[in-house]
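Engineer: Fold the following for me, if possible:
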Amino acid sequence: MVSQDNTDRLKDILEDDIWGTIKEFLEMGIRFGEGDKSIHITIGLLILVTIAFLLTTFVLKWVRKFFTRKMEMDDKLKFISIFKFIKYVVYLVVILLTMSAAGIDITILITASAALFVGLGLALQELFQDIIGGIFIITDKSLRVGDIVEVNNRVGKVLEIKLRTTRAITRDDKIIIIPNHKFISDIIYNYTQNHKITREHVQVGVAYGSDVKLVTQVLEQVAQEHEGLLKTPKPFVLFEDFGDSALVFSLNFFISDSFTDPRVKSDMRYRIDALFREHNISIPFPQRDVHIIQKK
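Structural biologist: A predicted model of the protein is given here:
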């Protein structure tokens, strides 16, 4: 019979062999470089990084759910867009810290990739500006879906706000994609930043000698009859200027959807033209007097 001491010794040998085999397996890998500056990527390190990556993913999901649990759906989608950018940064930090804890000098990696980071930074400078602009837009709510904006003399209604770009549809049903850095570096008109109501106007010139009171009454009648205009605030007429060839008036009115502004103005111009003809109010065209002087 085998004694108890021999059995215990056999178990210790087997355990040492097993742990030794596992250790050898975990230390298998690839070495980059030579001497003290070399980097040894082992199976054990890859397993450790994978575990750290999975744990970080779990923690980030919990953090995201914790902060968005009481948010409205619109705010929640904006927070998730920002959180995606933060998540990538956290992953990078966790991987570097895990490698450092495993005994790898991460300063070597940082130093070796410094030139690459600088090159990428310069190449992707505008991309970073877009992302920063997207974060500002989402956090300070300076732009919302449904806002009417004017960019490079083009008017559009915002359809979607992403971390890098904003998409809007123009009045002729074309999609414009606006890099978010435009909202930081350029002057952007937001027609509906304060509220949905905007003041618009239609300008018209009448011939010199016309009855200005009658012109004012006709323009006010046009505003009262048009169903697309708001009755409060009340439309009003301004006698703007004595033009070169006409007396210049403007009919000012308020609407709740400035995106349909061109159609509303077109309808009003049709009506103004009809009522002016009815009341014999003429809209003049530019005229020039030419004096011919004959020399004797």
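Engineer: where along the stretch 151-296 of the chain do the helices fall?
Structural biologist: Taking DSSP state H, counting those that start in this stretch as the criterion, the stretch 151-296 of the chain carries its helices at 182-185, 212-225, 261-278.
Engineer: okay if I get these as a markdown table plus mean neighbour count and mean pLDDT?
Structural biologist: Just so you know, the C-beta spots here come from the backbone N, C-alpha and C atoms, and that holds for glycine as well. Formatted as a markdown table, the helices of the stretch 151-296 of the chain follow (neighbours: other C-beta atoms under 10 Å; pLDDT from 0 to 100):
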| stretch | mean neighbour count | mean pLDDT |
| --- | --- | --- |
| helix 182-185 | 16 | 82 |
| helix 212-225 | 16 | 95 |
| helix 261-278 | 15 | 94 |
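Engineer: In TSV: those helices, plus distance to I255.
Structural biologist: As requested, the helices of the stretch 151-296 of the chain are exported to TSV (distance: least, C-beta to C-beta, whole Å):
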stretch	distance to I255
helix 182-185	25
helix 212-225	11
helix 261-278	6
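Engineer: Relative to V202, which of the ones you listed is closest?
Structural biologist: The closest of those to V202 is helix 261-278. By C-beta to C-beta, the value is 5.2 Å.
Engineer: Next, the angle helix 212-225 makes with that closest one.
Structural biologist: Angle of helix 261-278 versus helix 212-225, following axes from the mean of the first three to the mean of the last three C-alpha atoms, to 10 degrees, is 130 degrees.
Engineer: so where's the stretch 1-150 of the chain uncertain?
Structural biologist: 1-41, 71-79, 81-82, 101-125 (pLDDT under 70).
Engineer: now the stretch 151-296 of the chain
Structural biologist: Within the stretch 151-296 of the chain, the set of residues satisfying pLDDT under 70 comprises 287, 289, 296.
Engineer: Tell me which stretches of it form strands.
Structural biologist: In the stretch 151-296 of the chain, the strands defined using DSSP state E, counting those that start in this stretch lie at 154-161, 165-170, 175-179, 189-190, 198-206, 236-242, 247-255.
Engineer: Just send these back as TSV, with distance to R269 and mean neighbour count too.
Structural biologist: What follows is the strands of the stretch 151-296 of the chain, written out as TSV (distance: least, C-beta to C-beta, whole Å; neighbours: other C-beta atoms under 10 Å):
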stretch	distance to R269	mean neighbour count
strand 154-161	19	18
strand 165-170	21	18
strand 175-179	27	16
strand 189-190	23	13
strand 198-206	6	18
strand 236-242	15	14
strand 247-255	10	20
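Engineer: any chance of the ones you listed in CSV, plus distance to I86?
Structural biologist: Output for these, formatted as CSV (distance: least, C-beta to C-beta, whole Å):
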stretch, distance to I86
strand 154-161, 17
strand 165-170, 19
strand 175-179, 21
strand 189-190, 27
strand 198-206, 37
strand 236-242, 51
strand 247-255, 41
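Engineer: out of those, nearest to L229?
Structural biologist: strand 247-255 (4.7 Å).
Engineer: Compute the inter-axis angle for that closest one and helix 212-225.
Structural biologist: 20 degrees.
Engineer: Check the gap between I148 and R171 for me.
Structural biologist: Distance, I148 to R171, using C-beta to C-beta, to the nearest Å: 10 Å.
Engineer: give me the beta-bridge partners of E200?
Structural biologist: F253 (DSSP bridges).
Engineer: Help me confirm that it comes into contact with D261.
Structural biologist: Yes: shown here, E200 and D261 form a contact pair, counting by C-beta atoms under 8 Å, at 5.5 Å.
Engineer: Tell me the residues that contact both of these two, please.
Structural biologist: Residues touching both E200 and D261 by C-beta atoms under 8 Å, 6 or more residues apart in numbering: I255.
Engineer: wait, which of the strands of the stretch 151-296 of the chain is closest to I47?
Structural biologist: For I47, the closest of the strands of the stretch 151-296 of the chain is strand 165-170, at 38.8 Å, according to C-beta to C-beta.
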